[in-house]
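J.: Quick one: sequence and predicted model below, then my questions.
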Amino acid sequence: ERLPAGWSARALLRAHADAEVRREAFKLEARDAARRDDAIVLALHDRDERVVRAALSAALAGCPAAAVPTLMRKADDEELPDDVRVGCVRVLAQVADEGVRDWLVSRVTARAGVLRKLRLAPRTPVRLAALQALGATWS
């Protein structure tokens, strides 16, 4: 199915009131390699979790650098469901950047005890995903 030349669903993705329309607009934008990265970044900021999940799924095939700070914030947002937060960490696992590595390490470690030694932080789904990411990318 071809879209008219020069037509973009970006405006729909950015501001349409219906989450289903935004989700479909994301799919259209993500199909075009030239607009894919911008669509992922925009969809990650969406208020609907299904749009965010679609963006995470697309980002697994290649994460745009501009999405990294948003993914880190979302992974740390305890108000989001664990599956969304874990999805953010899984996408970040593919980013071979020392800043991401340091961020992942800070998520799986904690200072504890009288001597404030560095130890593994308590187990959560997000921390386990971060630990897996470290093992896969930074072994």
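T.: Arrived safely, thanks for sending.
J.: how many other residues sit next to residue 126?
T.: Neighbour count of residue 126, defined by other Cβ atoms under 10 Å: 21. In short, each C-beta sits where N, CA and C put it, glycine included.
J.: same deal with residue 119?
T.: Neighbour count of residue 119, defined by other Cβ under 10 Å: 12.
J.: now do residue 79
T.: Here the number of neighbours of residue 79 (other Cβ under 10 Å) works out to 5.
J.: so how far is residue 5 from it?
T.: As judged by Cβ to Cβ, to the nearest Å, residue 79 and residue 5 stand 42 Å apart.
J.: Let me see the confidence value for the residue of the chain positioned farthest from its centre.
T.: Of all residues in the chain, residue 114 has its C-alpha farthest from the mean position, at 36.0 Å, by Cα atoms, centre = their mean. pLDDT for residue 114: 71.
J.: Is it in a helix, a strand, or coil?
T.: When classified by DSSP: H, G, I helix; E, B strand; the rest coil, residue 114 comes out as coil.
J.: give me every residue that touches it.
T.: With contact set as Cβ atoms under 8 Å, 6 or more residues apart in numbering, residue 114 has no partners.
J.: Relative to residue 121, how far out is it?
T.: For residue 114, the distance to residue 121 (Cβ to Cβ) stands at 18 Å.
J.: do the same with residue 32
T.: From residue 32 over to residue 121 (counting by Cβ to Cβ), the distance is 40 Å.
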